[in-house]
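Student: this one's sequence-less:
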């Protein structure tokens, strides 16, 4: 099911290849070494599975002395203050073997292969319940795994704690017959909270250390549809899709879900990793959060449309959010309001999805990526030019540069503040591909800012290709610092969601960005936070090229999603900056876009 294909990129002359996964790990491995080794892990013929997120955090006072995760229970009124709907079984206890047995039988008889169980740490309430679920599942040929929900602590303590938690799960549960495996390797799902708490650089330490200490291979499925995650994890999924499902008509939902699911599967296929599509019956957390979010069930239409789109997308696995998350109203477990309607719908669609044991071989074909001719062209253009990457990167561009084989150097923040290392002569181009936060101070207050400004004033080119909406927005303490203006990049807050009933599209300067279309629509799904570059032409002598201007159907401009700035007069003088909004690699072909950007004359 897994084949390890070690792609010997040109950078191996600079960064030696890593050892095979599962063997002794070189602790001096750089982040780029790690990325290269992870890209080499590929999967084929992964058996189809239908899995449901399962919550083991419920408790009754008879067993625990008080209600746990149930609040103000009124059975006679079929009411629970902390639950959107009322369970057909009433407010039950997750430790009750009869309830566990009932849930597994109900799930299995309707085509669900396993549960992804909430897991918050060692010897927690849900961890103790997990042991009971695992043992009962083992008697029924049902699979169980954990949903890793939290990575507390900071710095080295966080890394040590994460490694320890992983080893706890693997050593205590990984060999259990019911623990979910692919090709004999335990599978663990990682929730978005953990993905946000742990940087990509920290993941390299966590995974390699855990592999070395465990002595065997294991599989991590990351929460988030990002090319970077697909490069370094074994698979990608997303827990909650209600953000773009809410408020959609059936016709619109069908169109958008098909596009969204197809793109998600394509992203995983490109790296030959495990693809997961998530379906929800609906969602309503307005009882536990204010104002909360609600995606209407539309009397079963929401669930059916999403299932049909998931089947059409031909993923390896379909995930259901959720079997019994009663707080957020996403459950398919029978309720007083809907009876067994949603578990029956589940049974109908699982049969369709599992008509074939594997996804269609045609959809397994790896995307072509950049052509050899274009890769050769870029290598010629960048001959004897090293590209610096600022720390804590996660964006697609760095992983893409690795595949092309350019001379890429990952810097530490300590190296950034060292002008003998970080300067425009050593690195004519520097890439920022992180989240919204960066380290502003290493030794002296603001020394990173000073180092970046000196680099720019010496004629360096900063390519801002961030993975989140607003680069250089927070510092290492979480303080809002908004440093983009200081660095000569005039980004503004556009919106959190686009205006309703307005047709938006990017008008692309494809004379400069060669090979791109003249226009492309603004995305309709995913993270839609718009942070445009807006240039005020009051600095005569500076150069500004709007390379992808967002306009509506009346011609009104909303700023630029891609821009080139050359500061010949204004501060920081001599700086060259290229900005690309975080979603441009999603809505344009990533290979074409990045080739065009890195081909711009400097």
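Tutor: That came in fine, so what should we check first? Note that the structure is predicted; figures quoted are calculated from it, not measured.

Student: alpha carbons only for contacts and neighbour counts from here, please
Tutor: Noted.

Student: Around residue 383, count how many other residues there are.
Tutor: 11 (other Cα atoms under 10 Å).

Student: what's the answer for residue 199, then?
Tutor: Residue 199 has 16 neighbours, counted by other Cα under 10 Å.

Student: Residue 320 too?
Tutor: Neighbours of residue 320 under the rule other Cα under 10 Å: 27.

Student: which residue is nearest the centroid of this structure?
Tutor: For the chain, the residue nearest the mean C-alpha position is residue 224 (2.1 Å; Cα atoms, centre = their mean).

Student: Show the contacting residues for that residue.
Tutor: Residues in contact with residue 224, defined by Cα atoms under 8 Å, 6 or more residues apart in numbering, are 192, 236, 237, 238.

Student: The same query, at a cut-off of 6 Å, please.
Tutor: Residue 224 is in contact with 237, 238, counting by Cα atoms under 6 Å, 6 or more residues apart in numbering.

Student: One more: residue 255?
Tutor: Residues near residue 255 by Cα under 6 Å, 6+ apart: none.

Student: Just the element for residue 322, please.
Tutor: Secondary structure assignment for residue 322, by DSSP states H and E: no helix or strand.

Student: surely it meets residue 331?
Tutor: Yes. Counting by Cα atoms under 6 Å, residue 322 does reach residue 331; the two are 4.9 Å apart.

Student: What is the neighbour count of residue 484?
Tutor: Residues lying near residue 484 (other Cα under 10 Å) number 16.

Student: Which pLDDT value does the model give the closest residue to it other than its chain neighbours?
Tutor: Ranked by Cα to Cα, 6 or more residues apart in numbering and with sequence neighbours excluded, the top spatial neighbour of residue 484 is residue 472, at 6.0 Å. Here, the pLDDT recorded for residue 472 equals 96.

Student: and residue 472, what does it touch?
Tutor: Residue 472 makes contact with 436, 437, 438, 483, 484 under the criterion Cα under 6 Å, 6+ apart.

Student: got it, and residue 481?
Tutor: Here residue 481 is in contact with 473, 474 (criterion: Cα under 6 Å, 6+ apart).

Student: do you know how far it is from residue 571?
Tutor: Going from residue 481 to residue 571 by Cα to Cα, to the nearest Å gives 18 Å.

Student: Residue 171 too?
Tutor: 56 Å.

Student: Of those two, which one has the most company?
Tutor: residue 571 (17 against 12).

Student: backbone phi and psi for that one, please?
Tutor: When read as degrees, to the nearest 10, the backbone of residue 571 gives phi -80, psi 140.

Student: ok, the nearest residue to it once chain neighbours are set aside - how many residues close by?
Tutor: Leaving aside its chain neighbours, residue 571 sits nearest to residue 488 (6.5 Å; criterion: Cα to Cα, 6+ apart). When neighbours are defined as other Cα under 10 Å, residue 488 has 20 of them.

Student: Next: residue 291.
Tutor: Each residue near residue 291 was counted by other Cα under 10 Å, and the total is 9.

Student: where does it land on pLDDT?
Tutor: 89.

Student: And for residue 3?
Tutor: With respect to pLDDT, residue 3 has a value of 38.

Student: Check residue 156 too.
Tutor: 90.

Student: Which other helices and strands does the strand or helix carrying it contact?
Tutor: For residue 156, the host element (DSSP H and E) is helix 155-173. Applying 3 or more Cα pairs under 6 Å, 6 or more residues apart in numbering; DSSP states H and E, one finds that helix 155-173 contacts helix 200-214.

Student: quick one: the strands in the stretch 501-602 of the chain?
Tutor: Under the criterion DSSP state E, counting those that start in this stretch, the stretch 501-602 of the chain contains strands at 504-508, 519-521, 543-552, 557-566, 576-580.

Student: Show the average pLDDT along the second one.
Tutor: For strand 519-521, the mean pLDDT works out to 97.

Student: Now do the phi/psi pair for the residue of the chain most remote from its centre.
Tutor: Computed with Cα atoms, centre = their mean, the residue of the chain farthest from its C-alpha average is residue 76, at 42.9 Å. Backbone geometry at residue 76, expressed as degrees, to the nearest 10, gives phi -70, psi -20.

Student: State the phi and psi torsions of residue 188.
Tutor: phi -130, psi 130.

Student: I'd say it and residue 218 touch.
Tutor: No. Assessed by Cα under 6 Å, residue 188 is found out of contact with residue 218, at 8.0 Å.

Student: neighbour count winner among these two?
Tutor: With neighbours defined as other Cα under 10 Å, residue 188 and residue 218 compare such that residue 188 has more, 26 against 23.

Student: What sits closest to residue 174 if chain neighbours are left out?
Tutor: Nearest to residue 174 is residue 186, by Cα to Cα, 6+ apart, at 5.5 Å.

Student: no, scratch that, I was asking about residue 438
Tutor: Residue 438 sits nearest to residue 475 (Cα to Cα, 6+ apart), 5.1 Å away.

Student: residues in contact with the helix holding residue 156?
Tutor: In contact with helix 155-173 (Cα under 6 Å, 6+ apart) are residues 206, 210.

Student: Show me what secondary structure element comes after it.
Tutor: strand 181-182.

Student: Note down every partner strand of that next one and its orientation.
Tutor: Applying DSSP bridges, strand 181-182 is found paired with strand 185-190 (antiparallel).

Student: This protein - how does it break down into domains?
Tutor: The chain breaks down by automatic domain parsing into domains covering 46-364, 372-598.

Student: Adding distance to residue 39 as columns, could you present those in JSON lines?
Tutor: Shown next, in JSON lines, are those (distance: least, Cα to Cα, whole Å):
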{"stretch": "domain 46-364", "distance to residue 39": "5"}
{"stretch": "domain 372-598", "distance to residue 39": "9"}
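
Student: right, and these - which one's nearest residue 38?
Tutor: Ranking those by proximity to residue 38 (Cα to Cα) places domain 46-364 first, at 4.9 Å.

Student: who's the nearest residue to residue 580 once chain neighbours are set aside bridged to?
Tutor: Excluding the flanking residues, the one nearest residue 580 by Cα to Cα, 6+ apart is residue 562, at 4.4 Å. Residue 562 has these beta-bridge partners by DSSP bridges: residue 548, residue 580.

Student: so residue 562 touches residue 579, yeah?
Tutor: Yes. Between residue 562 and residue 579 there is a contact under Cα under 6 Å: 5.4 Å.

Student: Show me where the stretch 351-500 of the chain has its strands.
Tutor: In the stretch 351-500 of the chain, strands defined by DSSP E, counting those that start in this stretch lie at 387-389, 408-410, 429-432, 461-464, listed in chain order.
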